[in-house]
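Asks: Here is my input; please provide its structure:
(2 chains)
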There are 2 protein chains.
Amino acid sequence: MAASLSEELVWELAHRLVAPPGELARRGVLVGPGDDCAILALPAGEAVALTTDCMVEGVHFKLSSGTTTLADVGYKIAARSLSDLAACGALPHSILVTLGLPAGASPHEVEEFMAGLSEALREGECLLVGGDVHRAPHWTTCSTALGTLPAKPWLRSALTPGMVLYISGPLGLAEVGIALLTGKLSPGDLPGKLAGLALSRINRPRPRLDLVKALGGQATPAAIDLSDSLSRCLIQLAEASGVEVEVYAERIPAHPDALPVLAELAGMGEGELSPQERAALLLASSEDYELLLGLTEEDAKKVAPEALGLIPIGRVRTKSASAPPKVVLVSEQGEEELAPTGYQHF
Amino acid sequence: MAASLSEELVWELAHRLVAPPGELARRGVLVGPGDDCAILALPAGEAVALTTDCMVEGVHFKLSSGTTTLADVGYKIAARSLSDLAACGALPHSILVTLGLPAGASPHEVEEFMAGLSEALREGECLLVGGDVHRAPHWTTCSTALGTLPAKPWLRSALTPGMVLYISGPLGLAEVGIALLTGKLSPGDLPGKLAGLALSRINRPRPRLDLVKALGGQATPAAIDLSDSLSRCLIQLAEASGVEVEVYAERIPAHPDALPVLAELAGMGEGELSPQERAALLLASSEDYELLLGLTEEDAKKVAPEALGLIPIGRVRTKSASAPPKVVLVSEQGEEELAPTGYQHF
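Replies: Next up is the predicted model:
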């Protein structure tokens, strides 16, 4: 019954996610959800970061397949924005979330969405301060996250010659998850716990806020989060900075169990992967939500990147000012300019 | 052709709305659109207001009817959020806008949306600092606006006994617009320029930011914007403040040309409207985006509300602490407790 899900009930469910008044006050939230706006008193002298994302059923997720739940959607809409904050060196402060409900949506489904959202906000220490509930033809959700910057922002445009390029973790697991979501693979096709791990990776990405805390104040990397494929993100980073980047094919870290699955999906046969094949698979892998970071040698000495789990995969070259920005893949076979590969979101 | 509308092209069209670097810098935008987040250095010591809204084709607007254009949608998605800022006594600083594009959307249509958005942002002196472009089954757009508060916020919860309740302009024109959008009326049914005025009112609401500038610093009203019907907004205000409000039926201002049209639509016959009928029509009128304000007598003396075009329509009564909040309509017929009427958005 349509009448069973009133706007009041949705707000009541959402209000369970609102922190207690003392916690809101402590973090400068003068007015939380319920008025025309949220009102925040932000830490004086700190810059703020703002980012927004949307997800629509049928485009960004499919509930009917049974591999994604509304709790996953609630988790991911926040996690995607928090990952953007991490990519700018910001720590989550607050978030506004909109929810478009199709006819027939039930209170239980809204509760499920809220439970996933709640989990992401708790993990990210992020306060729900506002939102909008509306009718929509399909489940639709958008988030806008506000982060505070304890130090200088980490920008895509900050790569400079001599910087070493790091990646914060192995790639490929989310791409296996995408294959499960799109029906190219069934969970039964995969050994052991791999299907569960891959679905968790794609449905519940973990923003690398731990790196903001670990590096914060000590280093100011150039950075981007790996929501798109590695090749697209490398190119975006190089273009934003106007630099030439070299990436060492064999250094790109792979999730060991994901790689053979991706190879099989790509029809790369039974035998050992060539270094080129291996790199091609990883460069086309999307949505691992790791960070791609550039550090000056000086900053690298200060923070000991390897101790933080950062894996060096390349370096920014010196180029003439008139040469166009590009990314060069370096392997035993020589060098080739990188083209964008992997899923294009738009 | 789907290929004719790339993500790059949408971003290029959106970037035309981005203020020049000098203007961004002057207003504290350290990083505008193009990175993972926008980075802002906000005025020290000022609180900020945040609000978010979404609109989806088929729910909030219908392009097929020919009475709403994509330029109107671009205008309104920003205007709705700026009206929320006005309702909190905030002035627009920046905005993030998401745009979900259906298959077959053309570059020209995106340009049209951007043109309307641009107009609302220029009028509101609001900077586009970020957004998200994605595929969607229907045209979908969300905005998140950030405003700065030159003085104390105007809250729904700030009504206190003795305050006089004002409305910032006459009601009913947007409701005629809704009748045109939903096909209950045709433009040809209406005299003179009324159809054009009514469509302009519903498609391009004007946030009352002028009142924030005029009152700012001198007074701290309780406030809400009239996006819902007047009856619903009065009840929301009374409940948020925990007070009892009396509203004088005959004082509610009507747009003189709209009122007879609404009466005919409601089947109220040919003759003179009774005061009760007149009040019922206005209390059910939505989306005029005027402000409903409560001022203490002291604040009213300072700001001369009538000179600002504010029309007194009621007063906050003294009630016992245990009595529930309510709104009482006072007319020559006596008193009656107000029930929510008019369109329910959810």
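
Asks: how deep is A:Leu30 tucked in, by neighbour count?
Replies: Neighbour count for A:Leu30, taken as other Cβ atoms under 10 Å in any protein chain shown: 17. Every C-beta, even on glycine, is put in place using the N, C-alpha and C of the backbone.

Asks: How about it, nearest residue that isn't a chain neighbour?
Replies: Excluding its sequence neighbours, the residue lying closest to A:Leu30 (Cβ to Cβ, 6 or more residues apart in numbering or on different chains) is A:Ile39, at 4.3 Å.

Asks: and that neighbour, what are its bridge partners?
Replies: A:Ile39 has these beta-bridge partners by DSSP bridges: A:Val31, B:Ala49.

Asks: who are the neighbours in contact with it?
Replies: Residues counted as contacts of A:Ile39 (Cβ atoms under 8 Å, 6 or more residues apart in numbering or on different chains) are A:Val29, A:Leu30, A:Val31, B:Ala47, B:Val48, B:Ala49, B:Cys88, B:Leu149, B:Pro153.

Asks: Let's see that with 10 Å instead.
Replies: Going by Cβ atoms under 10 Å, 6 or more residues apart in numbering or on different chains, A:Ile39 touches A:28-32, A:129-130, B:47-50, B:88-90, B:147, B:149, B:152-155.

Asks: So which residues of the stretch 151-300 of chain A form helices?
Replies: In the stretch 151-300 of chain A, the helices defined using DSSP state H, counting those that start in this stretch lie at A:173-181, A:194-203, A:209-215, A:230-241, A:258-265, A:275-283, A:297-303.

Asks: CA atoms of the first one as PDB?
Replies: Output in PDB follows, covering the C-alpha atoms of helix A:173-181 (Å, rounded to 0.1, in the frame of the first residue of the first chain):
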ATOM      1  CA  LEU A 173      38.800  -7.500  -7.200                       C
ATOM      2  CA  ALA A 174      36.100  -4.900  -7.900                       C
ATOM      3  CA  GLU A 175      36.200  -5.900 -11.600                       C
ATOM      4  CA  VAL A 176      35.400  -9.500 -10.700                       C
ATOM      5  CA  GLY A 177      32.500  -8.000  -8.600                       C
ATOM      6  CA  ILE A 178      31.300  -6.100 -11.700                       C
ATOM      7  CA  ALA A 179      31.300  -9.400 -13.700                       C
ATOM      8  CA  LEU A 180      29.100 -10.900 -11.000                       C
ATOM      9  CA  LEU A 181      26.700  -8.000 -10.900                       C
END
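
Asks: helices and strands around it, which ones?
Replies: In terms of contacts (3 or more Cβ pairs under 10 Å, 6 or more residues apart in numbering or on different chains; DSSP states H and E), helix A:173-181 is packed against helix A:194-203, helix A:258-265.

Asks: ok so, going back, take the contacts of A:Ile39 and keep only those in strands.
Replies: The strands, defined by DSSP state E, take in A:Val29, A:Leu30, A:Val31, A:Val129, A:Gly130, B:Val48, B:Ala49, B:Leu50, B:Gly147 from the contacts of A:Ile39.

Asks: Show me the beta-bridge partners of the fifth one.
Replies: Right, A:Gly130. Taking DSSP bridges as the rule, A:Gly130 bridges to A:Leu96.

Asks: shaky segments in chain A?
Replies: Low-confidence segments of chain A (pLDDT under 70): A:1-4, A:270.

Asks: Which residue would you name as the spatial centre of it?
Replies: Nearest to the geometric centre of chain A sits A:Tyr289, at 3.6 Å (Cα atoms, centre = their mean).

Asks: Distance to A:Val303 for the ones in strands among the contacts of A:Ile39 - can I get that in JSON lines?
Replies: As requested, the ones in strands among the contacts of A:Ile39 are arranged in JSON lines below (distance: Cβ to Cβ, whole Å):
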{"residue": "A:Val29", "distance to A:Val303": "32"}
{"residue": "A:Leu30", "distance to A:Val303": "36"}
{"residue": "A:Val31", "distance to A:Val303": "38"}
{"residue": "A:Val129", "distance to A:Val303": "32"}
{"residue": "A:Gly130", "distance to A:Val303": "36"}
{"residue": "B:Val48", "distance to A:Val303": "32"}
{"residue": "B:Ala49", "distance to A:Val303": "37"}
{"residue": "B:Leu50", "distance to A:Val303": "33"}
{"residue": "B:Gly147", "distance to A:Val303": "37"}
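
Asks: near chain B, which residues of the stretch 101-250 of chain A?
Replies: Residues of the stretch 101-250 of chain A lying close to chain B (Cβ under 10 Å from any Cβ of the partner chain) are A:101, A:129-138, A:140-147, A:149, A:152-158, A:223-225, A:227, A:236, A:240.

Asks: List only buried entries from those residues.
Replies: Those of those that meet the buried threshold are A:101, A:129-138, A:140-147, A:149, A:152-156, A:158, A:223-225, A:227, A:236, A:240, by 16 or more other Cβ atoms under 10 Å in any protein chain shown.

Asks: all strands of the stretch 51-200 of chain A, in order?
Replies: In the stretch 51-200 of chain A, the segments counted as strands under DSSP state E, counting those that start in this stretch are A:91-101, A:127-135, A:140-148, A:164-167.

Asks: export those to TSV and tack on distance to B:Ile202?
Replies: Output for the strands of the stretch 51-200 of chain A, formatted as TSV (distance: least, Cβ to Cβ, whole Å):
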stretch	distance to B:Ile202
strand A:91-101	21
strand A:127-135	17
strand A:140-148	23
strand A:164-167	51
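
Asks: any idea which element A:Arg315 lies in?
Replies: strand A:311-317 (DSSP states H and E).

Asks: So for that strand, what gets flagged as buried?
Replies: A:Ile311, A:Pro312, A:Ile313, A:Gly314, A:Arg315, A:Val316.

Asks: Tell me how far the fifth one lies from A:Ile224.
Replies: It stands for A:Arg315. Per Cβ to Cβ, to the nearest Å, A:Arg315 is found 16 Å from A:Ile224.

Asks: And the residue of the stretch 101-250 of chain A that's closest to chain B?
Replies: Closest to chain B within the stretch 101-250 of chain A is A:Thr144: 3.8 Å, counting by Cβ to the nearest Cβ.

Asks: List the contacts of A:Thr296.
Replies: With Cβ under 10 Å, 6+ apart, A:Thr296 has these contacts: A:Ala158, A:Thr160, A:Pro161, A:Gly162, A:Met163, A:Val164, A:Ala219, A:Thr220, A:Pro221, A:Ala222, A:Lys302, A:Val316.

Asks: top of the residues you listed by neighbour count?
Replies: Comparing the contacts of A:Thr296 on neighbour count, A:Pro221 comes out first with 28 neighbours (neighbours: other Cβ under 10 Å).

Asks: residues contacting it?
Replies: Applying Cβ under 10 Å, 6+ apart, we find A:Pro221 in contact with A:87, A:89, A:152, A:154-155, A:158-159, A:163-166, A:211, A:215, A:291-296, A:299-300, A:303, A:305, A:310.

Asks: For A:Leu197, grab the count of nearby residues.
Replies: By other Cβ under 10 Å, 17 other residues sit near A:Leu197.
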